[in-house]
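S.K.: Curious how this folds, go ahead:
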Amino acid sequence: AYLVRMLEQNYLGDINILLRKQDFKWRQTVFEFKDGEIENLIDIGMRSTWPKLAQIKNAALISKTLDRILEDLNREGLNEPGRSIHHIYS
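M.R.: A predicted model of the protein is given here:
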């Protein structure tokens, strides 16, 4: 049951950096890590992330800007008489 719940989870977010197939070991999702495996995964993550830092920065800025715009629109919609929430959220 634990494994099924874990596999059914959605891990996608604004920015996704996924392991390559050859770096992924199913055993690591269920059992304890062997010596050096955590350090190896950290190294793999850094090698995957560093070339994409500019892309990550841009995506984060865009996401923050869109969040701010939606909050402003929602606030404006709540202040209009006769409207309880902005149309974007309904």
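S.K.: Going by C-alpha atoms from here, please, whenever you check contacts or count neighbours.
M.R.: Fine.
S.K.: Assign E32 to helix, strand or coil.
M.R.: Using DSSP: H, G, I helix; E, B strand; the rest coil, the structure places E32 in coil.
S.K.: same question for stretch 29-48, mean pLDDT?
M.R.: The average pLDDT within stretch 29-48 is 85.
S.K.: What degree of burial does V30 show, as a neighbour count?
M.R.: As a burial measure, V30 scores 11 neighbours (other CA atoms under 10 Å).
S.K.: if I pick it, what's in contact with it?
M.R.: For V30, the contact set (CA atoms under 8 Å, 6 or more residues apart in numbering) comprises L3.
S.K.: Could you measure from it over to E37?
M.R.: As judged by CA to CA, to the nearest Å, V30 and E37 stand 14 Å apart.
S.K.: so which strand or helix has N40?
M.R.: In the assignment (DSSP states H and E), N40 maps to helix 37-49.
S.K.: Extract the C-alpha set from stretch 5-25 and format it as CSV.
M.R.: Below are the C-alpha coordinates for stretch 5-25, written out as CSV (Å, rounded to 0.1, in the frame of the first residue of the first chain):
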residue,chain,number,x,y,z
ARG,A,5,0.6,5.7,-2.6
MET,A,6,4.2,6.8,-3.3
LEU,A,7,4.0,6.0,-7.0
GLU,A,8,0.6,7.7,-7.4
GLN,A,9,1.9,11.0,-6.1
ASN,A,10,2.4,13.9,-8.6
TYR,A,11,5.9,15.4,-8.2
LEU,A,12,5.7,18.0,-10.9
GLY,A,13,6.1,21.7,-10.0
ASP,A,14,7.1,25.0,-11.7
ILE,A,15,10.6,23.7,-12.3
ASN,A,16,11.3,20.0,-12.7
ILE,A,17,14.8,18.5,-12.8
LEU,A,18,14.4,14.7,-13.2
LEU,A,19,16.9,11.9,-12.9
ARG,A,20,18.0,10.3,-16.1
LYS,A,21,16.9,6.7,-16.5
GLN,A,22,20.4,5.3,-15.9
ASP,A,23,20.7,7.3,-12.7
PHE,A,24,17.5,6.0,-11.2
LYS,A,25,17.4,2.9,-9.1
